[in-house]
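Asker: What would the 3D arrangement of this be:
(chains A, B and C)
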Amino acid sequence: MKGVMLARAPEATIIDLSHAIERQNIRQAALLIKSAYRFFPDKTIHLVVVDPGVGSNRKLILLQADGHLFLAPDNGVLGLLFGAEHFQAAYEVQCEQYYLAPVSSTFHGRDILAPVAAKLAAGFDPASVGPAITPQTLKKLEFAVVKIDSGQSTITGEITGVDHFGNLQTNITGSSLDNLFGKGKSTARVTVKGETISGIQGAYVYKDPGEMLAIVGSRGFLEIAVNQGDAATFLDARIGDLVTVVELPRM
Amino acid sequence: MKGVMLARAPEATIIDLSHAIERQNIRQAALLIKSAYRFFPDKTIHLVVVDPGVGSNRKLILLQADGHLFLAPDNGVLGLLFGAEHFQAAYEVQCEQYYLAPVSSTFHGRDILAPVAAKLAAGFDPASVGPAITPQTLKKLEFAVVKIDSGQSTITGEITGVDHFGNLQTNITGSSLDNLFGKGKSTARVTVKGETISGIQGAYVYKDPGEMLAIVGSRGFLEIAVNQGDAATFLDARIGDLVTVVELPRM
Amino acid sequence: MKGVMLARAPEATIIDLSHAIERQNIRQAALLIKSAYRFFPDKTIHLVVVDPGVGSNRKLILLQADGHLFLAPDNGVLGLLFGAEHFQAAYEVQCEQYYLAPVSSTFHGRDILAPVAAKLAAGFDPASVGPAITPQTLKKLEFAVVKIDSGQSTITGEITGVDHFGNLQTNITGSSLDNLFGKGKSTARVTVKGETISGIQGAYVYKDPGEMLAIVGSRGFLEIAVNQGDAATFLDARIGDLVTVVELPRM
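Answerer: Okay, here's the model as predicted:
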């Protein structure tokens, strides 16, 4: 993909966002691109090629949102970026004249999205890649909906990823915790894989090395960690495992 | 290597082609560079430093082929690019005045090839790196020859690599399958590690998740995959394992 | 971090030095940056974000040494670069006006060091990041001191890292071996994990594939390797294991 892009847009700066997306893990990629894109320059073109349906009739799409461009298969991987808040436009990619020839049936990232990205980097009008489409027609992210029960002060979410450190990422936002438990979040109790953690820390170092803790990570989501350790191994936890946050019983 | 190159050719664009070549796996690297180079811009300088013989008297070579430049040890890693089809010239690297000083005995990629690549990127004439040599004097790739028996409609090859997805790459080309079994390839039967797969699919999605399939991958070679799974683990398969393709018995 | 830097210094060239530092391994990172920095262009800005104390009150520092700039937490990771030989200046990073807002408590690399690096890349005066500090006030590297007993001709060090090949890196310098055992180093005997290796080789190829050997690696330190094999697995060796070098008994 990089070769294809540089052959067509030699001045482009190409950055790898991650080498650690699990195979075919659309939800993990969706959360990563949502939390990372805003740190990149305006007008960055993000290629998000997690594409288990390559070779089927799933669409390829170009999304314009919040001043950035996103190219991806229409499989939900951009599903967290459709919201009315930042949405600008979406197009189905249908500009065969720019594709590699022949197009393989197994690697559309290289054969279709990379040359289209290069065209866009060189100034091609996004509206020219194909017909405009509405977010309503796009595939939603099949994602565990976070359930927030304010009456019971309970939030239920799930593990959405495991990072290089073995920290468990969840889809529970820090702001939902703030709303329910206050800024200090000291009355929150997190349960995952039968283990319970009291309170949500402001930094890893508030626990001793080897101790388990809950923290709102740098991407804005609740994470479960072991300070200087590996929570995924310690808990034998996997993507999809449930995480609940409840209010500590009062004395 | 990147530091050495940027210190001498600050305008160079440097791309990592792969982080997934197995240690010392000359054949895997040889197949990768053969299948990938043509997607890069003309005049790209490809450094292929899989070098188990570093510190011995094996040569370092510069190959000019198909408008690209390749720097590598003379150990067969460029062996699939010598063919008369695209060959332009080959040189033995002997321009000590550009090497780092001292040259280590364990990392010629950094100490010799990187500074020479930087000189080439800055416009140095390829013919100036050292004496011209003929392809006949270069080390051949020690590679399982694919055996094609048209009478029996049988092709025998081997697994040459395992990708990030656990897909098994082979050295059997898609065109050899086309020749023997026709474009549809529906009468081909693939055997690997005692398991048999009927037909060769056009895309992963023609099989259900978890099902094994044979497919011609995006690099043009036969691959064995498990749709959304890991064929290498499923079959306990390794590089070097035999793969045979025969004609399905007719009713 | 790359997005943050490119948004502020679009012309910067960004290189990943390593994807293989163990989690939180300050010593491994300290040895890598010490052995690698000099291959990069003068004035390179090195970001060294191994930061187990993120969120605590540990300082962030900018070190100027040997014509290069280093940004890192004050946890010893730059501890091998403080020496009088190349030291130029050190500053505590205190220029909140350039930080991302808000600053997270878990990722100061992205929120503080990346934007400061971008300022420096764009020409910002290093002395403007904060108050000058002396090396004496900085955290030393908690590192196994190499013990050299010239009377007994004995050097004791430890394993400091394991590379992609399974080679074991140590903190014993090649020059200390030269001093004690002479350039040939043929009278040195290396012991690690109960196994003994006679002599120190000039290149991997002086041993047969599968044989264990000691060698001074391309970074200038003693390494234990298995030619075309994996010494870490073979010896079940880990970072911190002791390595001793003694003189071979004379006949």
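Asker: Helices of the stretch 151-251 of chain A, start to end?
Answerer: A:174-181, A:231-235 (DSSP state H, counting those that start in this stretch).
Asker: Check those helices for me and report the most buried one.
Answerer: A comparison of those by mean neighbour count, using mean count of other C-beta atoms under 10 Å in any protein chain shown, puts helix A:231-235 on top with a mean of 19. Every C-beta, even on glycine, is put in place using the N, C-alpha and C of the backbone.
Asker: What's the mean pLDDT across that one?
Answerer: What helix A:231-235 shows for mean pLDDT is 92.
Asker: what's it packed up against?
Answerer: strand A:168-173, strand A:212-216, strand A:221-226 (3 or more C-beta pairs under 8 Å, 6 or more residues apart in numbering or on different chains; DSSP states H and E).
Asker: picking that back up, want to try a markdown table for the helices of the stretch 151-251 of chain A, with distance to C:L32 as columns?
Answerer: As requested, those are exported to a markdown table (distance: least, C-beta to C-beta, whole Å):
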| stretch | distance to C:L32 |
| --- | --- |
| helix A:174-181 | 34 |
| helix A:231-235 | 25 |
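Asker: got the contact list for the residue in the stretch 151-251 of chain A that chain C sits nearest to?
Answerer: As assessed by C-beta to the nearest C-beta, chain C sits closest to A:A203 within the stretch 151-251 of chain A, at 2.4 Å. Shown in contact with A:A203 (C-beta atoms under 8 Å, 6 or more residues apart in numbering or on different chains): A:215, C:54-56, C:105-106.
Asker: I'd like to know which of these are buried.
Answerer: Listed as buried from these are A:215, C:54-55, C:105-106; burial here means 16 or more other C-beta atoms under 10 Å in any protein chain shown.
Asker: just those residues now: which is nearest A:V146?
Answerer: A:I215 (17.5 Å; C-beta to C-beta).
Asker: Which residue, neighbours along the chain excluded, lies closest to the closest one?
Answerer: A:Q201 (5.0 Å; C-beta to C-beta, 6 or more residues apart in numbering or on different chains).
Asker: And for A:P115?
Answerer: Per C-beta to C-beta, 6+ apart, closest to A:P115 is A:Y98, 5.0 Å.
Asker: Same check on A:G67?
Answerer: A:D42 (4.4 Å).
Asker: who's in contact with the one you found?
Answerer: By C-beta under 8 Å, 6+ apart, A:D42 lies in contact with A:67-68, C:7.
Asker: Could you export the helices and strands packed on helix A:231-235 as TSV, including distance to C:I33 and mean pLDDT?
Answerer: Formatted as TSV, those follow (distance: least, C-beta to C-beta, whole Å; pLDDT from 0 to 100):
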stretch	distance to C:I33	mean pLDDT
strand A:168-173	29	92
strand A:212-216	28	93
strand A:221-226	26	94
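Asker: deepest of those strands, which one?
Answerer: Highest mean neighbour count among those (mean count of other C-beta under 10 Å): strand A:221-226, with a mean of 25.
Asker: Now do it and strand A:212-216, the angle between them.
Answerer: 160 degrees (axes from the mean of the first three to the mean of the last three C-alpha atoms, to 10 degrees).
Asker: any idea how far strand A:221-226 is from the chain center?
Answerer: In this view, strand A:221-226 has its centroid 16 Å away from the chain centroid, taken as C-alpha atoms, centre = their mean, to the nearest Å.
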